[in-house]
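**Student:** Would you be able to build a 3D model of this:
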Amino acid sequence: MTLFAGALSLNTDRLSPALKLSLRANLRSGDDQRGSWCVHEQASFFLVKWDSGAFAEPAWRASPDGSVCALAGDPILLENGRRLKRLEQMARLAPELSTLQDTALAQCRGSFALVHYAAATQTLCLSTDALGLRSIYYVIQDDCLIFATALRVLEAVPEVRKQLSLQGMAELSVFSFPLAERTPYEGLKILRECEVLTARTAGVKMHRYYDWSTQEDAPSQATDAAAQLHATFREAVDARLSQDQRVYSFLSGGMDSRAIVSTLIDRGRQVEALNFSSPASQDQRYALSFATQAGSGCHLHCLPGGNFPNFSFLALAAKTALEQNEPTSVDRPQFIWSGDGGSVGLGHVYMDERMLELGAQGDVKGAVAHFLALNRIALSSRVLTASAREQQAHLMFDSVLSEVHRYPREDVGRRLYLFLLFNDQRRHLFKHFETIDQHGLELLTPFFDAKLLKTVAATPARWGVLHRLYAQLFEHLPAFARRTPWQTYPGHQPCPLPGDPLASYQWARHVAPAPDGLKERGQLALELLQTFNWRMRPQVFSPALVGLAALLHASGLRDCRHVLQLLQLYRLHDAQTRSQQRVRS
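**Tutor:** Numbers count the residues shown, from 1 in each chain. The predicted structure follows:
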């Protein structure tokens with residue numbers, strides 16, 4: 001199942017017919033006839049889902065008494081080494097006569113969103129996976145709980161009142177995503193990692209079915225931990241393989257996709273690999289040299305990029321063109337293996353040794369301050385009003401510090417790691433899931449495997465920082481995976497093989513483009529002034545300072561393109577609040 005949305009009246013009143021129609025109308029943004037629909041409707045409860053058909057098995061269970069259960073994504077629940085079928089997983093996770101089962105949820109390894117409504121007790125349960133990767137958004141207004149697996153659905157529903165969140169928008173501007181449970185809108189939240197929301201007339205309660213504060217057992221040596229992680233990674237791949245013999249996978253010049261493709265080939269699978277990088281880049285040249293070493297098990301397709309809303313649309317367009325020109329005979333063509341999650345999950349990017357040193361000294365605030373400085377995380381406040389500058393002066397620091405304290409591990413480095421896992425990584429595939437009804441692709445992401453990440457989190461952070469533990473895991477990959485160079489992060493564990501000095505490097509510093517001419521600067525300055533919205537609430541931008549930024553850019557004294565990007569971001573989300581207000585009025 002791909003997407004679902006619904007609503008529950010918390011006082012047993014009948015739900016508004018208009019709300020039901022809005023949820024149904026906005027669940028799918030595509031206008032073709034692909035996929036299938038399921039609808040469950042009672043006086044005080046409504047659920048609608050659209051299924052792309054990627055999974056052959058159903059993910060919907062409706063009972064004669066009015067109860068219903070539905071899944072988006074794939075929980076990956078095993079029993080005695082056997083992967084349970086989707087209806088079997090639903091029966092374990094959400095028995096018909098009870099609420100969700102914490103023990104079964106904690107055993108899931110995949111990414112999923114789950115809804116279960118028990119009609120006898122009028123109880124609604126919502127839950128997501130161990131990272132919260134497959135999102136559920138919800139809002140409580142007028143004694144009604146409204147939810148959806150895509151934020152755009154709740155943005156588009158007129159019955160949902162929206163107001164910009166000062167903190168959510170500030171975090172979105174800086175991190176490209178809000179932190180914690182926040183969204184760009186006040187009161188509209190996202191379900192967090194391992195969370196279960198239970199709603200009935202008595203109220204709404206939240207709890208976690210797994211506590212990431214738990215310190216799992218781990219080997220005493222890093223080399224042993226790397227071997228254990230490799231074995232767990234192979235399990236993660238096997239658990240997602242199904243019966244596929246020929247598969248699609250992304251293949252770059254880096255570590256993540258190489259680990260996946262080499263493991264698939266080692267398991268006897270044929271891989272149709274997709275690469276979208278420049279012919280002069282390390283990404284493509286290293287992928288080509290790896291594919292040569294992999295032999296007949298890997299057929300690499302180097303495909304052109306293009307201007308697409310997100311990477312999933314690029315993949316769909318390239319895959320469609322490829323299939324039209326040369327049939328690939330892939331068993332499940334809507335599934336693509338992806339290395340998403342490897343850089344933070346195993347590589348510990350955005351962290352360094354100084355951060356760990358400060359944490360070991362008990363200076364958590366110092367570690368957070370160093371994290372923000374290292375990654376150049378700060379909110380540009382030069383065009384904000386005085387009150388907004390004062391409010392947001394410490395906003396980023398306090399937001400990160402609060403998240404670092406969420407799971408009070410003794411190893412402060414692990415706290416920082418979990419902060420990244422449940423913020424940066426959790427939101428990493430936001431665009432993919434927001435548009436999944438249009439591209440219909442499902443990603444197979446073994447680096448997001450819950451058991452794998454719990455195994456990483458059990459080790460000391462100093463073992464993993466700078467890709468050290470990941471590099472040791474790499475030594476356990478098939479020999480052909482290590483015969484050609486791969487791309488690595490600057491300052492992290494280097495590749496032991498000599499690289500191609502003529503190939504472009506993904507993280508190389510680029511020379512800033514030459515300043516625009518007078519006409520171009522003037523056009524951007526005008527666009528900057530036109531983008532400013534004086535009606536926006538809360539109003540955080542100073543008209544005088546926005547005007548000054550436009551003047552400085554037009555004169556060539558300062559490059560203020562970042563100000564335009566900031567204004568456009570705020571205006572985009574503010575428009576969502578105003579368009580729906582006009583519909584309601």
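
**Student:** Can you spell out the domain ranges of the chain, please?
**Tutor:** 3-208, 353-425, 518-584 (automatic domain parsing).

**Student:** Give me the pLDDT value at residue 214.
**Tutor:** On pLDDT, residue 214 comes in at 88.

**Student:** do residue 582 as well
**Tutor:** Per-residue confidence (pLDDT) for residue 582: 45.

**Student:** got it, and residue 268?
**Tutor:** In this model, residue 268 is scored at 97, pLDDT.

**Student:** returning to what we had before: turn the domains of the chain into TSV, columns for distance to residue 478 and mean neighbour count.
**Tutor:** (Each C-beta comes from the backbone N, C-alpha and C, glycine too.) Output for these, formatted as TSV (distance: least, C-beta to C-beta, whole Å; neighbours: other C-beta atoms under 10 Å):
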stretch	distance to residue 478	mean neighbour count
domain 3-208	23	19
domain 353-425	27	18
domain 518-584	44	16
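
**Student:** any chance of the ones you listed in JSON lines, plus distance to residue 217?
**Tutor:** Below are the domains of the chain laid out as JSON lines (distance: least, C-beta to C-beta, whole Å):
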{"stretch": "domain 3-208", "distance to residue 217": "16"}
{"stretch": "domain 353-425", "distance to residue 217": "15"}
{"stretch": "domain 518-584", "distance to residue 217": "44"}
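
**Student:** Mean pLDDT lowest where, among these?
**Tutor:** The weakest mean pLDDT among those belongs to domain 518-584, with a mean of 87.

**Student:** which residues does the spatially closest residue to residue 165 that is not a sequence neighbour contact?
**Tutor:** Nearest residue to residue 165, sequence neighbours excluded (C-beta to C-beta, 6 or more residues apart in numbering): residue 186, at 4.7 Å. Residues counted as contacts of residue 186 (C-beta atoms under 8 Å, 6 or more residues apart in numbering) are 162-165, 168.

**Student:** Residue 355 now?
**Tutor:** Counting by C-beta under 8 Å, 6+ apart, residue 355 makes contact with 367, 370-371, 374, 413, 416, 465.

**Student:** what sits up against the one helix or strand residue 104 maps to?
**Tutor:** Assigned by DSSP states H and E, residue 104 belongs to helix 102-107. Here helix 102-107 makes contact (C-beta under 8 Å, 6+ apart) with 77-78, 92-93, 127, 130, 194, 196, 209-210.

**Student:** of all those residues, which comes closest to residue 507?
**Tutor:** The closest of the contacts of helix 102-107 to residue 507 turns out to be residue 130 (C-beta to C-beta; 29.6 Å).

**Student:** Tell me how far the nearest residue to that closest one once chain neighbours are set aside lies from residue 155.
**Tutor:** Leaving aside its chain neighbours, residue 130 sits nearest to residue 450 (3.8 Å; criterion: C-beta to C-beta, 6+ apart). According to C-beta to C-beta, to the nearest Å, residue 450 stands 29 Å off from residue 155.

**Student:** rewinding a little: list just the nearest of the contacts of residue 186 to residue 109.
**Tutor:** Nearest member of these to residue 109, counting by C-beta to C-beta, is residue 168, at 30.4 Å.

**Student:** Three-state assignment for that closest one, please.
**Tutor:** For residue 168, the assignment made with DSSP: H, G, I helix; E, B strand; the rest coil gives helix.

**Student:** So it sits against residue 183, correct?
**Tutor:** Yes - here residue 168 reaches residue 183: they are 5.6 Å apart, a contact under C-beta atoms under 8 Å.

**Student:** can you list the contacts of residue 355 in a markdown table and add distance to residue 100?
**Tutor:** Formatted as a markdown table, those follow (distance: C-beta to C-beta, whole Å):
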| residue | distance to residue 100 |
| --- | --- |
| 367 | 36 |
| 370 | 40 |
| 371 | 35 |
| 374 | 39 |
| 413 | 33 |
| 416 | 30 |
| 465 | 36 |
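
**Student:** I'd like these laid out as JSON lines, including distance to residue 335 and secondary structure.
**Tutor:** Shown next, in JSON lines, are the contacts of residue 355 (distance: C-beta to C-beta, whole Å; DSSP: H, G, I helix; E, B strand; the rest coil):
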{"residue": "367", "distance to residue 335": "39", "secondary structure": "helix"}
{"residue": "370", "distance to residue 335": "40", "secondary structure": "helix"}
{"residue": "371", "distance to residue 335": "35", "secondary structure": "helix"}
{"residue": "374", "distance to residue 335": "36", "secondary structure": "helix"}
{"residue": "413", "distance to residue 335": "35", "secondary structure": "helix"}
{"residue": "416", "distance to residue 335": "33", "secondary structure": "helix"}
{"residue": "465", "distance to residue 335": "33", "secondary structure": "helix"}
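
**Student:** Please identify which of these is nearest to residue 87.
**Tutor:** In terms of C-beta to C-beta, no member of the contacts of residue 355 lies closer to residue 87 than residue 416, at 40.1 Å.

**Student:** for the closest one, what are its contacts?
**Tutor:** Applying C-beta under 8 Å, 6+ apart to residue 416 gives the contacts 351, 355, 359, 367-368, 371, 404, 461.

**Student:** So which of those belong to helices?
**Tutor:** 355, 359, 367-368, 371, 404, 461 (DSSP state H).

**Student:** Determine which two of those residues are furthest apart.
**Tutor:** Checking the ones in helices among the contacts of residue 416 with C-beta to C-beta, the most distant pair is 368 and 461, at 14.4 Å.

**Student:** looking at this, residue 216 is in a helix?
**Tutor:** No - counting by three-state DSSP, residue 216 is not found in a helix; it is coil.

**Student:** Any idea how many residues pack against it?
**Tutor:** 12 (other C-beta atoms under 10 Å).

**Student:** so it makes contact with residue 454?
**Tutor:** Yes - checked against C-beta under 8 Å, the pair residue 216 and residue 454 is within contact range at 5.6 Å.

**Student:** circling back to that earlier point, quick one: the residue nearest to residue 130 from residue 443, how far?
**Tutor:** For residue 450, the distance to residue 443 - C-beta to C-beta - is 16 Å.

**Student:** and stretch 54-67, how far apart are its ends?
**Tutor:** Taking C-alpha to C-alpha, to the nearest Å, stretch 54-67 runs 25 Å from one end to the other.

**Student:** wait, what's in contact with residue 76?
**Tutor:** Contact analysis of residue 76 by C-beta under 8 Å, 6+ apart lists 83, 108-110, 239-240, 449.

**Student:** Serialize those residues to a markdown table and add fields for secondary structure.
**Tutor:** Conversion of the contacts of residue 76 to a markdown table gives the following (three-state DSSP):
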| residue | secondary structure |
| --- | --- |
| 83 | strand |
| 108 | coil |
| 109 | coil |
| 110 | coil |
| 239 | helix |
| 240 | helix |
| 449 | coil |
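
**Student:** would TSV of those residues with distance to residue 333 be doable?
**Tutor:** Listed next are these as TSV, based on distance: C-beta to C-beta, whole Å:
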residue	distance to residue 333
83	21
108	26
109	24
110	20
239	20
240	16
449	23
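
**Student:** With respect to residue 344, which of those residues is nearest?
**Tutor:** Proximity of the contacts of residue 76 to residue 344 (C-beta to C-beta) peaks at residue 449, which lies at 13.6 Å.

**Student:** Strands of the stretch 151-300 of the chain, start to end?
**Tutor:** Ranges of strands in the stretch 151-300 of the chain, per DSSP state E, counting those that start in this stretch, are 189-190, 195-200, 203-208, 246-250, 270-275, 298-302.

**Student:** Show me what the second one packs onto, helices and strands only.
**Tutor:** Translated: strand 195-200. The helices and strands touching strand 195-200, judged by 3 or more C-beta pairs under 8 Å, 6 or more residues apart in numbering; DSSP states H and E, are strand 123-128, strand 203-208.
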